[in-house]
Structures are given as C-alpha cells and as structure tokens.
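Got a predicted model here, sequence first, then my questions.
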Amino acid sequence: MLTNSSTDAFQPNLFGNDLLQQLDPADPLLQLAAVIPWQDFEQAFTQHYTPGLGAPGKPIRLMVGLLLLKQLENLSDENVVVQWKRNPYYQSFCGMTEYQPRLPCHSTELVHFRKRIGKNGVEKIFQMSITLHGRAALESNVNIDTTVQEKNITYPTDAKLAIKIINRLNKLAKYHGIQQRRTFIKEVKNLRLSIRHFRHVKKRAKARKALKRLRTIAHILIRELRRKLPSHCLFECHQASFLFYERVLAQQPKDKNKIYSLHEPQVYCIAKGKDHKQYEYGNKVSIASTAKGNLIIGVVSHQQNMHDSHTLPEVLEHIETSRGKAAKTAVCDRGYRGKQQVNGTEIQLPKKPLKRDNRYQRDKKRKQCRRRAAIEPIIGHLKSDFRLSRNFLKGTIGDEINLLMAATAWNLKKWLIAFFWPLFLWMESLSPLKIRLDPKHSANG
C-alpha cells in the first residue's frame, strides 16, 4: 500500500507563517527540486506497491529525495534521516509543505526501498540526472577510465577467515542447542596471538603452524555438527554453508577465484599498480564522461576482473542507453591497448602520430588525449565526496546501485554549480567597484 505524496496546495497557518514558507526560494536545492520530474518516478515506481494491502508505505518522492540527499551530502542511511529532521530545506526538497518535527522514516526503510526499485529504478534516476543538462550531455567525444569500488570488508587473510568460520560454527551449535565436545575458544585466542607477526622471519614458522591448527579446528567443528544436526535441518539449511566453509579452508595463496570475505563472496582482488595501495578488494567499475562538460553519461559495475579493453562494449552500450545517443569517439589511456573500434565507436589512445596525419589531425588527437586526464579528478571526487571510496551496500546489486547513485550525485552537483555560476560572475564584476569605493584602499593610495 502506497501513501500519496504531498500536493502543492498549502493551507495557511492561522497562528503565523509556516517555517517552510520562510525559506529562500532562490536556494539552489529548492531550484533543483523544481526541475526534477517527481511525477515520472511516482508513475514508474507505483507498480512495486500492492494497493490496499499492508501498512501504508512512505511517499515515493520522500524516498527518492532521501536517496539523492544521501549521495549529495555523503551521509549514511542513519544520518540522512536525522539531518532531514533538522534541515527545513531538506524537507522542502522532499515535497513537504509543513515543517515535520519527527523523523521521516526509519533508516532501514531506505534499504527496503532500494531493494524494491532495484537496479532498473536507480537507472531511471541516473537517466534523469543526465536529462537535466539537455544538449550538454550529447557530446560525441567521451572520456573513459576504470577504477576500483572497494567493498566494506576487512583486509582478508586466511587466519581471519578461519577464525570467522569457527565463530560461526560455534554460534550455529549454540542456536540449535547442540552440546559440543569442545568449542576451542581459549585455544583460538592464543592462536590469534601467534599469527599477529607472521611477516617476521623468526615467527613465520610459528604463524604457519597456528594457521594449520585453525583449519584443523574448523574441520573438527564441521564434522561434529554434521553428526549431531538433524538430517532434514542439515541438508535443507546448512549443507551449502558447510561446503562453502570447506572451500575457503582449502584455498591456497596462489589459487584463482579465491574467497576474500564470508559475507561478500563476490569480492575479488584488483591490482592497479598503485604505490600506496598494491591491492584493492571490491569490484572494477567503468566511468564515461563527456569531453568538455565533464558529465557522467555511462557507468558499469563489472562482476569479474577483466582487462580494461574488454570493458569497453558494456560501457559504450550503457552510454547509448542512458542518453539515447552513441559515442563517436572514446578517448582512453594506454591500459586499453588492443582496441581500435568497438561497436562503431573509434577508440583513441595516446600514441605517436601517424605519418599520414596532417598538422591539424595531430593537434586534434593530442588535445583529445590531454583532455582525457580530466576524468581522473572526477573519479577522485566520486570517491571522496559521493561515497564511491567504500561501498556499504550488500551484494552485486549493491555495487551497481552505489555506483549509479554516485554518478547521479555528481551530475546533480554539476547542475547546482551551473546555477551558482551566473551569481558568482555578477558578484565578481562588482568586487573591483567595491574596492575603489572602500575608504581604506583610497587612504592607502
């Protein structure tokens, strides 16, 4: 069941002006709310609700507005609902006509709403952020690069995974009321201390022996639970988990397709050649921006670690889907070697000029490759300002949603900056006049 969004009709307060009516109508956030097509979201997302069944849901404009504010302001689900209560501009952005002294919803409502609309719903929000810029998003030349979206997991080691498996098995036995012969809690605590300095030359053998003992303990607990758990409960509920644990315990440092996290098994290891961070654990993402306007018009989250040149077909297809126009030229770095044309799009890489090129063509290619570097600070801002540096959403669908919302926040921020720019130029034009009229400056000559 769905609650209708607030209408534009406002009933005056008999005892004074309402707080939302005292806000600055020229505020960029309110101007952005005026151009966002909220009705399109309501029509698209209404199909995910069952009319007349269940408790009333929150208005769609409220939930979409909270998702946008969360990414724009780099807030968590818990903080964005608290800031919404304290900030009347946030409430007006989400369609409220009267000040609300209560929280809009519980923070978990945002989790349920993301699951409800899925990737396709977030894709519609991303396409809206591109449409707001009009013709500026239809440039024929685009810049493409890849980066890593790190997952919210601890640094993976074999010892950590073995200890987590032991804790899970003990918790499972306690939940089912199984009397264990031994829980190994005290021994695991001592083994954890033995593994702390495994990089030291003199302690390496002791750490290797402790890791072997941890794996032995985990196998002992798995065999005991298989004997004592009821057969119907084992095969229906826990057999898949036991097989998964055995796979984690058996993996070696040089194996492929390793498991780095128990709760995020789809995470893989990416080496980007950085001096300060040799390996990153998450997923590789492709980002495409316009060459002049720096608008993000295509993003793709890759479920497998592949060469950069193999990511081009997906991101170019997403560009055409998002804005309705294919890219004519895609400028990439040397990591995309091996591709010259993909689906009708020319791939431009930094390289020596061809002998058949004239002076104009050489200068044009050189400027395009120099302009490609503009996508690097875009990636930096996505990570530092729009929650791309660490992904807290679960699963592969969480990777896709977090990436799309970060790109949406970047495009909306570009719109807000474009709204501020005329006012900034006007104030800049008045600043020399202010200096000349200032008596302090005239006194100093």
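Everything's here; your move.

Can you report how many residues neighbour the closest residue to Leu66 other than its chain neighbours?
Closest residue in space to Leu66, ignoring its immediate chain neighbours: Val80 at 5.7 Å, by C-beta to C-beta, 6 or more residues apart in numbering. Glycine gets a C-beta too; all of them are placed from N, C-alpha and C. As a burial measure, Val80 scores 23 neighbours (other C-beta atoms under 10 Å).

Val80 is in contact with Leu72, isn't it?
No. Judged on C-beta atoms under 8 Å, Val80 makes no contact with Leu72 at a distance of 9.7 Å.

Contacts for the helix or strand where Cys369 lies, please.
In the assignment (DSSP states H and E), Cys369 maps to helix 359-371. Applying C-beta atoms under 8 Å, 6 or more residues apart in numbering, the contact partners of helix 359-371 are Asn141, Asn143, Ala291, Lys292, Thr329, Val331, Gln348, Leu349, Pro350, Pro353, Asp357.

excluding its backbone neighbours, what's nearest Glu320?
Nearest one to Glu320, counting by C-beta to C-beta, 6+ apart, is Ala326 at 4.4 Å.

do the same with Ile319
Nearest residue to Ile319, sequence neighbours excluded (C-beta to C-beta, 6+ apart): Gly298, at 3.7 Å.

how is the protein carved up into domains?
19-127, 136-154+267-404, 158-250 (automatic domain parsing).

can the ones you listed go into a markdown table with extra columns for mean pLDDT?
Formatted as a markdown table, those follow (pLDDT from 0 to 100):
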| stretch | mean pLDDT |
| --- | --- |
| domain 19-127 | 93 |
| domain 136-154+267-404 | 93 |
| domain 158-250 | 92 |
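
The ones you listed: which one's closest to Ile417?
Closest of the domains of the chain to Ile417 is domain 19-127, at 8.7 Å (criterion: C-beta to C-beta).

chain center to the closest one: distance?
Centroid separation between domain 19-127 and its chain, computed with C-alpha atoms, centre = their mean, to the nearest Å, is 18 Å.

And stretch 194-208, by the same measure?
Per C-alpha atoms, centre = their mean, the centroid offset for stretch 194-208 relative to its chain is 37 Å.

Also stretch 254-272?
Computed by C-alpha atoms, centre = their mean, the separation of stretch 254-272 from the middle of its chain amounts to 19 Å.

Would you mind measuring the gap between the ends of it?
End-to-end distance for stretch 254-272: 18 Å, by C-alpha to C-alpha, to the nearest Å.

now what about it, what contacts it?
Applying C-beta under 8 Å, 6+ apart, the set of residues contacting stretch 254-272 is 147-148, 151, 153-154, 156, 161, 164-165, 168, 244, 247-248, 251, 278-284, 303-305, 394-396.

Can I get the buried ones among those residues as something I can paste into ChimeraX?
The ChimeraX selection below is limited to those of the contacts of stretch 254-272 classed as buried (16 or more other C-beta atoms under 10 Å):
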select :147,148,151,153,156,161,164,165,248,251,280,281,282,283,284,396
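
can you map out the strands along the stretch 201-350 of the chain?
Ranges of strands in the stretch 201-350 of the chain, per DSSP state E, counting those that start in this stretch, are 268-270, 280-290, 296-301, 329-331, 341-342, 345-348.

I'd like these laid out as a markdown table, including distance to Ala207.
What follows is the strands of the stretch 201-350 of the chain, written out as a markdown table (distance: least, C-beta to C-beta, whole Å):
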| stretch | distance to Ala207 |
| --- | --- |
| strand 268-270 | 21 |
| strand 280-290 | 21 |
| strand 296-301 | 36 |
| strand 329-331 | 48 |
| strand 341-342 | 47 |
| strand 345-348 | 47 |
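
most packed of those?
Mean neighbour count (mean count of other C-beta atoms under 10 Å) peaks for strand 296-301 among the strands of the stretch 201-350 of the chain, with a mean of 25.

Please work out the angle formed by the directions of it and strand 280-290.
With axes from the mean of the first three to the mean of the last three C-alpha atoms, to 10 degrees applied, the angle from strand 296-301 to strand 280-290 works out at 150 degrees.

Who are the packing partners of strand 296-301?
Secondary-structure packing of strand 296-301 (3 or more C-beta pairs under 8 Å, 6 or more residues apart in numbering; DSSP states H and E): strand 141-151, strand 280-290, helix 312-323, helix 395-437.

what lines up beside that strand in the sheet?
strand 280-290 (antiparallel) (DSSP bridges).

Kindly format the C-alpha coordinates of the partner strand as CSV.
Output in CSV follows, covering the C-alpha atoms of strand 280-290 (Å, rounded to 0.1, in the frame of the first residue of the first chain):
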residue,chain,number,x,y,z
GLU,A,280,42.2,-3.4,-3.6
TYR,A,281,39.3,-5.7,-2.7
GLY,A,282,36.0,-4.9,-4.3
ASN,A,283,34.9,-4.7,-8.0
LYS,A,284,36.1,-2.8,-11.1
VAL,A,285,33.9,-0.1,-12.5
SER,A,286,34.0,1.8,-15.8
ILE,A,287,33.1,5.5,-15.9
ALA,A,288,32.5,7.6,-19.0
SER,A,289,32.2,11.4,-19.1
THR,A,290,31.7,14.0,-21.7
